[in-house]
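[1] coords please:
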Amino acid sequence: MSFLENIVEITGNQYAAQGKTSNDNRTTIDTGSYVLNALLSGSIYGGASSNAVTAYAGETGTGKTFLALSIIRSFLESNERGSVIFFESEGAIDRSMFVERNIDVDRVFIVPVTTVQEFRTQALKILSKYEEEKEKEPVLFVLDSLGMLSTNKEMTDAEAGDDKRDMTRAQLIRGTFRILSLKLSMLGIPMYITNHTYQTIGMFTTQELGGGSGLKYAASTIIMLSKKKVQDEGSVVGNIIHCKTYKSRLSKENQIVDIRLFYDRGLDKYYGLLDLAEKYDIVKKVGTRYEMPDGRKEFGKTIYDSPEKYFTDEIMKKIDEVAKEEFSYGFRGEEDG
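    Numbers count the residues shown, from 1 in each chain. Coordinates of the predicted model:
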């Protein structure tokens, strides 16, 4: 046995491993949108990391909670014995929201949390119990939302009629994720977090994350969201969500894709693929129509209304190849071999 192979015995650290046997973090959870998958992982068939912290941040109504529910459904569908721990701080989640999205509610456990300290304590208790399990079934942690968590001091002050802001909140959040992020990674538990943003006014107006810098350091990926309304015959039927990579350890930063969220039927899986395909000449824009590789010319709405008819296996393969070039770190094409 070599020196390196003795490290586990020397340190007593059961999670220590040589590079060749260490855990590979690159497995993913489908988001429900091909282009969002690509933005997060560099592949339209990828998605959010299954072994790291992923955060979506945006103003109210940008689909943060819905995207969380989409991740939950995908996770449970791909893990028959998996379960979800849903830390809920907004008081806005109920059983119907899961049922309407065909999520198995029997495998979702909702944990209401009010303060940063309460969330940290509850999460660590659950992780400690999970660590004791001999057969560890897949688990997903969700926090919706970080921005709504108060602190013990704020709660005490509020009860006393004092509405002072707790200036230690950002430090508490940073300390919480300093503890949690490594423990989650060692146990192979992904975590999805939603957070609010606020505007900073100066020479340039920018969007900043609520809660200070803690989440910036803990999350492997942070996606900033903004929106515009989708109308159909004068009625607002959904939102176009602009998704920008604020931080990523898995794909290029400062990349942007648009996804479409309908109020009645959820996330449009194919929306955004035409933009990517046009950019890399897989399809061509001819006036107000798109020319497909077989010569057919159709309006974008027609294509998205019947996506399986137009996005053939061959076209999807080509789009996935260019997605790697567009979004992946260090992509070098076929020379990677």
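[2] what's the residue positioned nearest the centre of the chain in contact with, if anything?
    Among the residues of the chain, the smallest C-alpha distance to the mean C-alpha position (CA atoms, centre = their mean) belongs to T54, namely 4.6 Å. Shown in contact with T54 (CB atoms under 8 Å, 6 or more residues apart in numbering): 40, 48, 190-193, 219-223. Heads up, the C-betas are built off the backbone N, CA and C, glycines and all.
[3] Would you map the strands across the stretch 1-150 of the chain?
    28-29, 48-49, 53-58, 83-88, 108-112, 139-144 (DSSP state E, counting those that start in this stretch).
[4] Would you state the helices of the stretch 151-300 of the chain in chain order?
    Using DSSP state H, counting those that start in this stretch, the helices of the stretch 151-300 of the chain run over residues 152-159, 169-187, 214-218, 273-279, 300-305.
[5] Centre of the chain to stretch 191-201, how far?
    Going by CA atoms, centre = their mean, to the nearest Å, the spacing between the C-alpha centre of stretch 191-201 and its chain's C-alpha centre is 13 Å.
[6] Mind listing what's buried along that stretch?
    For stretch 191-201, burial by neighbour count (16 or more other CB atoms under 10 Å) applies to 191-197.
[7] Dump it to CSV, restricted to CA.
    Below are the C-alpha coordinates for stretch 191-201, written out as CSV (Å, rounded to 0.1, in the frame of the first residue of the first chain):
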residue,chain,number,x,y,z
MET,A,191,-28.7,22.1,-3.0
TYR,A,192,-30.9,24.6,-4.9
ILE,A,193,-31.3,28.1,-3.4
THR,A,194,-33.5,31.0,-4.5
ASN,A,195,-32.6,34.5,-3.5
HIS,A,196,-33.8,38.1,-4.1
THR,A,197,-31.9,40.8,-5.8
TYR,A,198,-31.8,44.6,-5.3
GLN,A,199,-30.6,47.5,-7.4
THR,A,200,-27.6,49.6,-6.4
ILE,A,201,-27.8,53.2,-7.6
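[8] Show residues contacting it.
    Applying CB under 8 Å, 6+ apart, the contact partners of stretch 191-201 are 48, 52-60, 64-65, 67-68, 71, 140-148, 180, 184, 205-211, 215, 219, 224.
[9] same thing with stretch 157-175?
    Stretch 157-175 has contacts (CB under 8 Å, 6+ apart) with 116-117, 146, 149-151, 153-154, 211-215, 217-218.
[10] least confident pick among these?
    Sorting these by confidence puts G212 at the bottom, with a pLDDT of 67.
[11] Same list (the helices of the stretch 151-300 of the chain) but as TSV, adding mean neighbour count and distance to E325.
    Shown next, in TSV, are the helices of the stretch 151-300 of the chain (neighbours: other CB atoms under 10 Å; distance: least, CB to CB, whole Å):
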stretch	mean neighbour count	distance to E325
helix 152-159	14	47
helix 169-187	18	28
helix 214-218	19	27
helix 273-279	19	10
helix 300-305	15	23
